[in-house]
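Student: sequence unknown, structure follows:
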């Protein structure tokens with residue numbers, strides 16, 4: 001029974017970590033303490049000396065991105081409210097060696113970065129790279145990227161993406 005309890009706790013921790021956003025620039029988990037709550041007794045039927053608890057991320061409704069920008073928005077300058085959270089989704093095919101190398105001005109925090117293949121089970125299929133970003137500064141802020149092979153020097157033939165925000 002003790003091994004089963006340990007196994008269930010391990011599974012819960014793995015599931016919680018799988019849904020934890022990672023900061024794309026530092027590779028560290030960056031979730032403010034106000035977005036976490038402790039949930040006790042998640043393992044039903046456990047009768048040990050104290051009920052186990054697991055930390056589970058809880059996101060306030062205001063932190064869920066409501067607007068998604070795509071390649072069609074390249075070059076646009078948008079008016080936005082400070083601390084807004086948005087998604088940027090761009091087509092990518094890392095199996096060819098090409099990927100987006102992004103940069104963001106100091107007033108933009110990259111909350112998470114993920115890639116989803118659109119061709120499940122198809123070798124070499126492309127997909128969508130999604131960044132969740134928070135506009136933390138005021139004034140003109142930029143999120144930009146160059147689509148190239150990471151080991152190759154920049155070239156005028158590389159595809160570029162620039163999305164500017166005027167934050168107030």
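Tutor: Okay, I see it. Because the structure is a prediction, the values reported are computed rather than measured.
Student: residues in contact with stretch 128-139: which ones?
Tutor: With CB atoms under 8 Å, 6 or more residues apart in numbering as the test, stretch 128-139 has contacts from 21, 24, 65, 80-92, 99-100, 102, 104-116, 118, 141, 143, 165-168. Bear in mind the C-beta positions are built from the backbone N, C-alpha and C, glycine included.
Student: which residue ranges of this structure form strands?
Tutor: 36-40, 53-57, 68-69, 77-80, 85-92, 98-104, 108-117, 127-135, 139-149, 159-167 (DSSP state E).
Student: the last one: which residues count as buried?
Tutor: Neighbour counts using 16 or more other CB atoms under 10 Å place 161, 163, 165, 167 of strand 159-167 among the buried residues.
Student: give me the mean pLDDT for that strand.
Tutor: Taken as a whole, strand 159-167 has an average pLDDT of 95.
Student: can you tell me the closest non-neighbouring residue to residue 101?
Tutor: Beyond its immediate neighbours in the sequence, the residue positioned closest to residue 101 (CB to CB, 6 or more residues apart in numbering) is residue 146, lying 5.1 Å away.
Student: over to residue 118?
Tutor: For residue 118, the nearest residue in space outside its immediate sequence neighbours is residue 127; the separation is 4.6 Å by CB to CB, 6+ apart.
Student: what residues are up against that neighbour?
Tutor: The contact partners of residue 127, taken as CB under 8 Å, 6+ apart, are 91, 92, 93, 115, 116, 117, 118, 119.
Student: so what's the residue count around the fifth one?
Tutor: Using other CB atoms under 10 Å, the number of residues around residue 116 comes to 11.
Student: list the beta-bridge partners for it.
Tutor: Partner residues in beta bridges with residue 116: residue 128, with DSSP bridges as the criterion.
Student: quick one, domains of the protein?
Tutor: Domain assignment of the chain by automatic domain parsing yields the ranges 2-59, 64-167.
Student: weakest of these by average pLDDT?
Tutor: Among the domains of the chain, domain 2-59 scores lowest, with a mean of 49.
Student: which of the contacts of stretch 128-139 count as buried?
Tutor: Restricting the contacts of stretch 128-139 to buried positions leaves 21, 24, 65, 80, 84-88, 90, 92, 99-100, 102, 104, 107-113, 141, 143, 165, 167, with burial counted as 16+ other CB under 10 Å.
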